[in-house]
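Novice: Need coordinates for the below:
(one chain, ligands or ions: 2)
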Amino acid sequence: MINNKKINKFAISIIEDLHKNDFQAYLVGGCVRDLLCGIEPKDFDIATNATPNEIKKIFKASRIIGKRFKLVHIYNRSDLIEVATFRSGDDRINDGSLITDQSGKILRDNIWGTLEQDTFRRDFTINALYYCPITKKIEDHNNGIKHIHEKIIVSIGDPKKRFEEDPVRSLRAIRFSNKLQFKIDKSIKEAIYEKGHLLSNISNARLFDEFCKIFLNGMAENNFNKLSSFGLNKYLILTSPEKNEFTSRLIIEALRNTDNRLKNNQSITPGFLMAAVLWPEILEKSIKKGAINLRKFFRSMDQVLRKQQQITAIPRKFHGYIKDIWVLQLKLHSRIGKQPYKTLKHPRFRAAYDFLLLREKAASNKKYLGDWWTNFQKNDDSIKKSLIKDLREKNNEESSKIFGFSAELR
Ligand code: ATP
Ligand code: MG
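Specialist: Ligands and ions are numbered 1, 2, ... in the order given. Predicted structure coming up:
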């Protein structure tokens with residue numbers, strides 16, 4: 001049923017080495033699910049009855065990571081494979097290995113168990129399949145294979161309780177249903193409506209990881225729409241699309257742009273998407289009587305980043321990038337003398353220009369400024385000069401004033 005040629009060789013060698021040391025070991029989770037669905041797996045995870053310390057002894061190039069959930073990373077030159085020890089999920093052992101908070105959220109789970117027990121701590125039946133590439137057998141204790149055939153996402157156990165244990169599972173259900181084109185079981189839908197609000201207790205670091213999985217994996221627009229129908233976008237994005245029409249269009253354009261870039265094998269970064277979706281917040285804070293108030297604009301940048309950080313972390317390395325894109329939006333409006341040459345040389349020019357095009361699309365402007373920059377960058381120096389001169393002669397207000405944001409307030 002599963003073709004071993006599609007499996008990472010290093011992962012198979014790790015399983016063989018664990019077997020040689022008398023441990024059980026299986027490929028597990030997303031990779032088995034994806035292989036059965038005819039999708040190329042993103043990564044290959046392994047589950048074993050060896051404890052992290054035992055795994056570490058066998059593999060020289062390995063490291064134990066995590067506290068909440070201890071795992072071992074095993075490396076070679078090109079790959080990194082995650083190996084997890086079977087967990088029992090049994091909360092009767094009260095030695096601090098399993099800790100939950102008042103809402104039932106699991107804060108730590110490091111109680112080892114058997115394969116059978118391990119299946120019950122996984123989120124959905126389709127994610128609880130264990131494949132041994134040596135015997136080519138699949139261990140399926142929760143009808144996962146049946147549900148793959150039926151194309152449905154079913155919770156292991158009562159989804160309300162499972163979402164209390166870990167609210168991120170509600171985001172995962174939505175993400176998998178779009179990725180696989182599977183239906184979501186009715187009881188899961190009800191649990192999302194009822195328990196979705198618990199996402200506000202999840203750490204911003206974890207929600208940033210989830211943000212990237214949801215919006216930077218080629219399904220951003222569909223994921224956004226489905227999350228919207230469950231009212232969950234607010235746990236990932238500060239900006240409310242209901243603010244005005246421009247905002248909802250800009251967010252969709254930015255997500256669509258990300259999906260298209262991935263389709264065309266172009267680079268993507270969470271920085272660009274963050275800059276785009278947070279732009280309406282910046283405008284709202286800095287526009288006075290239809291024009292940008294510079295003092296407010298610069299002050300709002302840190303405020304808006306800080307507010308988004310309370311929802312999802314934004315790693316430091318992206319802050320400068322995001323602010324550059326915002327500041328360059330002002331610079332793109334000012335096109336006198338040497339300014340356009342300077343702007344063009346800015347290392348973030350390309351990203352800022354791409355974002356300008358998105359803004360114009362969303363504002364249904366006349367594509368006036370975007371076209372100007374398209375011409376300016378592709379033409380030689382004499383035409384560049386005349387483009388600037390034309391503006392001066394027309395005494396075009398746009399060239400000298402920070403203007404033209406009014407379409408973005410509607
Ligand atoms: P993908 O990698 O495509 O996002 P995946 O199913 O592999 O999907 P991972 O986050 O890589 O997702 O997790 C691997 C496996 O670990 C899952 O298939 C599931 O069995 C288990 N798992 C991951 N996160 C959770 C969770 N929050 N609750 C329960 N089980 C989980
Ligand atoms: Mg995975």
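Novice: ok, P340 - contacts?
Specialist: Listed by CB atoms under 8 Å, 6 or more residues apart in numbering, the contact set of P340 reads F376, K384, I388. Backbone N, C-alpha and C define where each C-beta goes, glycine included.
Novice: Of the residues you listed, which is the most crowded?
Specialist: Ranked by neighbour count (other CB atoms under 10 Å), the contacts of P340 have I388 at the top, with 20 neighbours.
Novice: got a list of what that one touches?
Specialist: Neighbouring residues of I388 by CB under 8 Å, 6+ apart: R335, I336, G337, P340.
Novice: before we move on, back to that, which ones among the contacts of P340 map onto helices?
Specialist: Using DSSP state H, F376, K384, I388 are the members of those that sit in helices.
Novice: quick one on the thing from earlier: which of the contacts of I388 are buried?
Specialist: Neighbour counting over the contacts of I388 (16 or more other CB atoms under 10 Å) leaves R335, P340 as the buried ones.
Novice: what about the closest residue to D166 other than its chain neighbours, neighbour count?
Specialist: Leaving aside its sequence neighbours, D166 sits nearest to I106 (CB to CB, 6 or more residues apart in numbering; 6.0 Å). Around I106 sit 17 other residues, with neighbours defined as other CB under 10 Å.
Novice: right, and I106 touches R87 too?
Specialist: No: look at I106 against R87 with CB atoms under 8 Å: they stay out of range, at 10.3 Å.
Novice: overlap in contacts of the two?
Specialist: Counting by CB under 8 Å, 6+ apart, I106 and R87 have no shared contacts at all.
Novice: give me the element E194 is part of.
Specialist: Per DSSP states H and E: E194 is located in helix 186-195.
Novice: counting contacts, what elements does that helix pack onto?
Specialist: Counting contacts by 3 or more CB pairs under 8 Å, 6 or more residues apart in numbering; DSSP states H and E, helix 186-195 is packed against helix 159-165, helix 168-180.
Novice: 6 Å instead, please
Specialist: Here helix 186-195 touches helix 159-165, going by 3 or more CB pairs under 6 Å, 6 or more residues apart in numbering; DSSP states H and E.
Novice: average pLDDT for the helix it packs on?
Specialist: For helix 159-165, the mean per-residue pLDDT is 97.
Novice: how about it against ligand 1, any contact?
Specialist: No: judged by CB under 6 Å from any ligand atom, helix 159-165 stays clear of ligand 1, getting no closer than 7.6 Å.
Novice: which one of the ones in helices among the contacts of P340 sits closest to ligand 1?
Specialist: Proximity of these to ligand 1 (CB to the nearest ligand atom) peaks at F376, which lies at 41.9 Å.
Novice: Quick check: chain neighbours aside, which residue is closest to the closest one?
Specialist: Nearest non-adjacent residue to F376, counting by CB to CB, 6+ apart: L387, 5.4 Å away.
Novice: ok, now S187?
Specialist: Per CB to CB, 6+ apart, closest to S187 is P159, 5.4 Å.
Novice: want to try CSV for the contacts of P340, with pLDDT and distance to F44 as columns?
Specialist: Shown next, in CSV, are the contacts of P340 (pLDDT from 0 to 100; distance: CB to CB, whole Å):
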residue, pLDDT, distance to F44
F376, 89, 48
K384, 82, 52
I388, 85, 55
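Novice: quick one: which of those is nearest R359?
Specialist: Nearest to R359 among the contacts of P340: F376, at 17.2 Å, using CB to CB.
Novice: which residues does that closest one contact?
Specialist: The neighbourhood of F376, defined by CB atoms under 6 Å, 6 or more residues apart in numbering, consists of P340, K384, L387.
Novice: what sits up against stretch 168-175?
Specialist: By CB under 6 Å, 6+ apart, stretch 168-175 touches 123, 153, 162-163, 184, 188, 192, 196, 202, 210, 214, 226-227.
Novice: distance of the residue in the chain that ligand 2 sits nearest to from ligand 1?
Specialist: In the chain, the residue that lies nearest ligand 2 is G30 (3.5 Å; CB to the ion). G30 sits 2 Å away from ligand 1, going by CB to the nearest ligand atom, to the nearest Å.
Novice: now stretch 174-187: how far from the chain's centre is it?
Specialist: From the chain centre to the centre of stretch 174-187 is a distance of 17 Å (CA atoms, centre = their mean, to the nearest Å).
Novice: quick check, it touching ligand 2?
Specialist: No: applying CB under 5 Å from the ion, one finds stretch 174-187 separated from ligand 2 by no less than 10.8 Å.
Novice: Average pLDDT for that stretch, rounded please.
Specialist: The average pLDDT within stretch 174-187 is 98.
Novice: Show me what counts as buried in it.
Specialist: In terms of neighbour count (16+ other CB under 10 Å), stretch 174-187 has its buried residues at I174, R175, F176, S177, N178, K179, L180, F182, I184, D185.
Novice: now do stretch 53-65
Specialist: Going by 16+ other CB under 10 Å, stretch 53-65 has these buried residues: I55, K56, I58, F59, S62.
Novice: Next one, pLDDT for the nearest residue to D140 once chain neighbours are set aside please.
Specialist: Leaving out its chain neighbours, the residue that sits closest to D140 by CB to CB, 6+ apart is L129, at 5.5 Å. We have a pLDDT of 98 for L129.
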